[in-house]
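Asks: Need the 3D shape of this:
(2 chains)
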2 protein chains.
Amino acid sequence: METNKNFSLNCPLPIDKYSHILMAHGGGGKLMHQLIEQLFLANFPPVNSVSHDSAILDLSEKKIAFTTDSYVVNPLFFPGGDIGLMAVYGTVNDLAMVGAKPLYLSLSFILEEGLSIDTLWRVVESIKKAAEICQVNIVTGDTKVVEKGKGDGIFINTSGIGIIEHNLQINPLAIQEDDVIILSGDIGRHGIAIMAVREGLEFETSIESDCAPLHFTVLNLIKEGVEIHCLRDLTRGGLASALNEIAIAGQWEMNIDEDSIIVAEEVKGACEILGFDALYVANEGRFVVFTPEREAEKTLSILQKENPHARVIGRVKKANKGVVILNTVMGSKRVIDMLSGEQLPRIC
Amino acid sequence: METNKNFSLNCPLPIDKYSHILMAHGGGGKLMHQLIEQLFLANFPPVNSVSHDSAILDLSEKKIAFTTDSYVVNPLFFPGGDIGLMAVYGTVNDLAMVGAKPLYLSLSFILEEGLSIDTLWRVVESIKKAAEICQVNIVTGDTKVVEKGKGDGIFINTSGIGIIEHNLQINPLAIQEDDVIILSGDIGRHGIAIMAVREGLEFETSIESDCAPLHFTVLNLIKEGVEIHCLRDLTRGGLASALNEIAIAGQWEMNIDEDSIIVAEEVKGACEILGFDALYVANEGRFVVFTPEREAEKTLSILQKENPHARVIGRVKKANKGVVILNTVMGSKRVIDMLSGEQLPRIC
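Replies: From the prediction side, this is the model:
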């Protein structure tokens, strides 16, 4: 099972003769139980071998992080990832952004009647593999089915619990004057990978999503003693929206340098064709770190082991209202506002 | 704000001129942030006043329960409840079924483009009210928007965290020979309330859903020292499916008495018209308790304070395979199997 293509080899098809999802797979009866047992519990065995309404978990800490995300990405499979992998990495990354160690995920499906069970199986296999990579356990779940035309194949919700083992305050209000803003790598890959598939565009080199779990890197920064003030992953709305959210939350002026923000040539080219600004394009494996200047070198050396394009991209100073200013490569200054229209629907 | 009718009085409509959900409300930009701030954060302020990727929670116990459910009930509003109230009570009840004290919920929406913001507001108000009744906090959330025709108004996922303050083993494998099965009230109300609206049926008396939080009752049973072996709420698939699940999990033969299972006359009548068996109809405020015979009287006295129709409905004995046998009012015996087709789609 090294590639997507082979994922479905082990699918216990057909589930009681049915190769597609029926309304009865969500009805509470035999078909639903078979689906749960053969597809879900087979891949995600219950904690303590007891299947019940809730998972019971013994934590090693009383301070925890809790997050949730629903995934409606379209298409379900794309270069560099799929909805299942995103549902694991995305939620794990939200836990990572408060410096938590992710431990447990819930997994809830809303399936559209008529969905191929083979497709569902491929997604489940991807979830399993992603959870193994992240070292998290899927401990509780749910499945609903809606009529054909009332959903869109597969929607997934994952909620996550992580433990907090550090004493740092990591949040927008912990940022301090003169903190540097460090970007963990090049931007724009995820959004462009999705849009290229959706628009049927072909580029000379295939652009893959940057989907990746971020918690190992973050926990490493913490272990190495970096004084992290704030973290934020650059999903919907991209780098521009993430910075604006934080700037507004803490009334900061952020000055960022365009020439330190790396965008791969093929992503730049696709942005031009599609009319996108890479600053607003979603990423699924990139984040920003706010930390004092003195921590910049250590932070960069850790981040650059993962991605050579990690850079200090700017600095923070106190202001009367949140604003993000881009120093362009042309030497001008441009206010980078939050996205006002809609750029990339159903990107995650 | 005593009745559903008045829920929308405080709706901060229009959200930036828009009275309906647009794709951009899920796009990560300004409209999404306005929606989140004005509709969600206004009702569910963030823990410690910090809005971030994950909520950080201080627990008083290291043993926790964790559960998830997605809600796709159709219609969104029905006699006795709505999708918002269900999304709170349903998840709280899953925590109650392991004897946990529910504390925190996540709240994730998948909205269909074109949804009226007023409808969303009514649902959010209902969630707020239900969370107050349950004494739980909504601490983290997410919003996605899908194109018109790719969803159905509102889908909600709530995941829940509760703490376990008791030392009981409450699960299907903790049941013992000769345990009695106690049903907490009359059955069939929720499924019939939904189907009556959906089918446009009118009965002489309006049948309301039994939607209710169960954790106060369960925690009371625990506080009063009842030796609970297993609990299960009777949602999708009804009493019959719940008993079958548990019978199969522990290889028990369950003998239940039809004349001890109370079904309201109007629910019976509706079941006849619709061709349903009340044993399989979903409930949202009923559960079964498995406990030793000596605990029956105390358990009943606590349950009957909530619902006078609580009864001992049967007993458990060891078997080679799980089976549920109904002793009918006619004096015959009938095996009650798990639902095999589909009876009530999108009941929760």
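Asks: tell me the pLDDT at A:Leu201?
Replies: Model confidence at A:Leu201, given as pLDDT, is 79.
Asks: quick one, helices of the stretch 51-200 of chain A?
Replies: All helices of the stretch 51-200 of chain A, identified by DSSP state H, counting those that start in this stretch, fall at A:83-96, A:117-134, A:189-198.
Asks: residue contacts, the residue lying closest to A:Ala278 once chain neighbours are set aside?
Replies: Leaving out its chain neighbours, the residue that sits closest to A:Ala278 by Cβ to Cβ, 6 or more residues apart in numbering or on different chains is A:Gly188, at 4.0 Å. Bear in mind the C-beta positions are built from the backbone N, C-alpha and C, glycine included. Contacts of A:Gly188 were listed using Cβ atoms under 8 Å, 6 or more residues apart in numbering or on different chains, and they are A:238, A:263-264, A:267, A:271, A:276, A:278, A:281, A:283.
Asks: Tell me how far A:Gly188 lies from chain B.
Replies: Applying Cβ to the nearest Cβ, to the nearest Å, the value for A:Gly188 to chain B is 14 Å.
Asks: How about A:Cys211?
Replies: Going from A:Cys211 to chain B by Cβ to the nearest Cβ gives 17 Å.
Asks: ok, now which ones touch the closest residue to that residue other than its chain neighbours?
Replies: Sequence neighbours aside, A:Gly81 is the residue nearest to A:Cys211 in space, at 3.9 Å (criterion: Cβ to Cβ, 6+ apart). Neighbour list for A:Gly81: A:89, A:190, A:193, A:208-209, A:211, A:284 [criterion: Cβ under 8 Å, 6+ apart].
Asks: From the residues you listed, keep the buried residues only.
Replies: Neighbour counting by 16 or more other Cβ atoms under 10 Å in any protein chain shown classes A:89, A:190, A:193, A:209, A:211, A:284 among the contacts of A:Gly81 as buried.
Asks: residues contacting the last one?
Replies: I take that to be A:Glu284. A:81, A:86, A:89-90, A:93, A:190, A:209-212, A:233, A:235, A:348 are the contacts of A:Glu284 under Cβ under 8 Å, 6+ apart.
Asks: Please tabulate those in JSON lines and include distance to A:Asp259 and pLDDT as additional columns.
Replies: Converted to JSON lines, the contacts of A:Glu284 look like this (distance: Cβ to Cβ, whole Å; pLDDT from 0 to 100):
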{"residue": "A:Gly81", "distance to A:Asp259": "29", "pLDDT": "97"}
{"residue": "A:Met86", "distance to A:Asp259": "31", "pLDDT": "98"}
{"residue": "A:Tyr89", "distance to A:Asp259": "29", "pLDDT": "98"}
{"residue": "A:Gly90", "distance to A:Asp259": "30", "pLDDT": "98"}
{"residue": "A:Asn93", "distance to A:Asp259": "27", "pLDDT": "98"}
{"residue": "A:His190", "distance to A:Asp259": "23", "pLDDT": "97"}
{"residue": "A:Ser209", "distance to A:Asp259": "25", "pLDDT": "97"}
{"residue": "A:Asp210", "distance to A:Asp259": "21", "pLDDT": "98"}
{"residue": "A:Cys211", "distance to A:Asp259": "27", "pLDDT": "98"}
{"residue": "A:Ala212", "distance to A:Asp259": "25", "pLDDT": "98"}
{"residue": "A:Asp233", "distance to A:Asp259": "23", "pLDDT": "97"}
{"residue": "A:Thr235", "distance to A:Asp259": "24", "pLDDT": "95"}
{"residue": "A:Cys348", "distance to A:Asp259": "28", "pLDDT": "93"}
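Asks: which residue packs closest to the spatially most central residue of chain A, ignoring adjacent ones?
Replies: To find the centre residue of chain A, average its C-alpha atoms and take the closest one (Cα atoms, centre = their mean): that gives A:Gly90, at 2.6 Å. Leaving aside its sequence neighbours, A:Gly90 sits nearest to A:Asp69 (Cβ to Cβ, 6+ apart; 5.3 Å).
Asks: residues from the stretch 151-300 of chain A in reach of chain B?
Replies: Counting by Cβ under 8 Å from any Cβ of the partner chain, the stretch 151-300 of chain A comes close to chain B at A:151-152, A:155, A:157, A:159-162, A:164, A:171-173, A:232-233, A:235-238, A:241, A:245, A:249, A:280, A:282.
Asks: if you set the cut-off to 7 Å instead, what comes out?
Replies: Residues of the stretch 151-300 of chain A found near chain B (Cβ under 7 Å from any Cβ of the partner chain) are A:151-152, A:155, A:157, A:159, A:161, A:164, A:171-173, A:233, A:236-237, A:241, A:249.
Asks: just for the stretch 1-150 of chain A, where's the confidence low?
Replies: A:1-10, A:12-16, A:48-49 (pLDDT under 70).
Asks: just the strands in it please.
Replies: A:55-58, A:63-71, A:77-78, A:81-82, A:101-112, A:137-146 (DSSP state E, counting those that start in this stretch).
Asks: The stretch 201-348 of chain A too?
Replies: Counting by DSSP E, counting those that start in this stretch, residue ranges of the strands within the stretch 201-348 of chain A are A:230-233, A:252-257, A:287-291, A:311-318, A:323-327, A:333-335.
Asks: State the paired neighbours of the last one in the sheet, together with their directions.
Replies: Each strand that pairs with strand A:333-335, with its direction, by DSSP bridges: strand A:323-327 (antiparallel).
Asks: Give me the contacts around the partner strand.
Replies: With contacts defined as Cβ atoms under 7 Å, 6 or more residues apart in numbering or on different chains, strand A:323-327 is touched by A:240, A:243-244, A:247, A:253-258, A:333-336.
Asks: Buried only: go through the residues you listed for me.
Replies: Buried by 16+ other Cβ under 10 Å: A:240, A:243-244, A:247, A:253-258, A:336, out of those.
Asks: Columns pLDDT on top of these, output as a markdown table?
Replies: As requested, these are arranged in a markdown table below (pLDDT from 0 to 100):
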| residue | pLDDT |
| --- | --- |
| A:Ala240 | 97 |
| A:Leu243 | 98 |
| A:Asn244 | 96 |
| A:Ala247 | 97 |
| A:Glu253 | 98 |
| A:Met254 | 98 |
| A:Asn255 | 98 |
| A:Ile256 | 98 |
| A:Asp257 | 98 |
| A:Glu258 | 98 |
| A:Ile336 | 96 |
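Asks: burial of A:Phe66, as a residue count?
Replies: Number of residues near A:Phe66 (other Cβ atoms under 10 Å in any protein chain shown) recorded here: 27.
Asks: ok, now A:Pro308?
Replies: A:Pro308, neighbours per other Cβ under 10 Å, totals 11.
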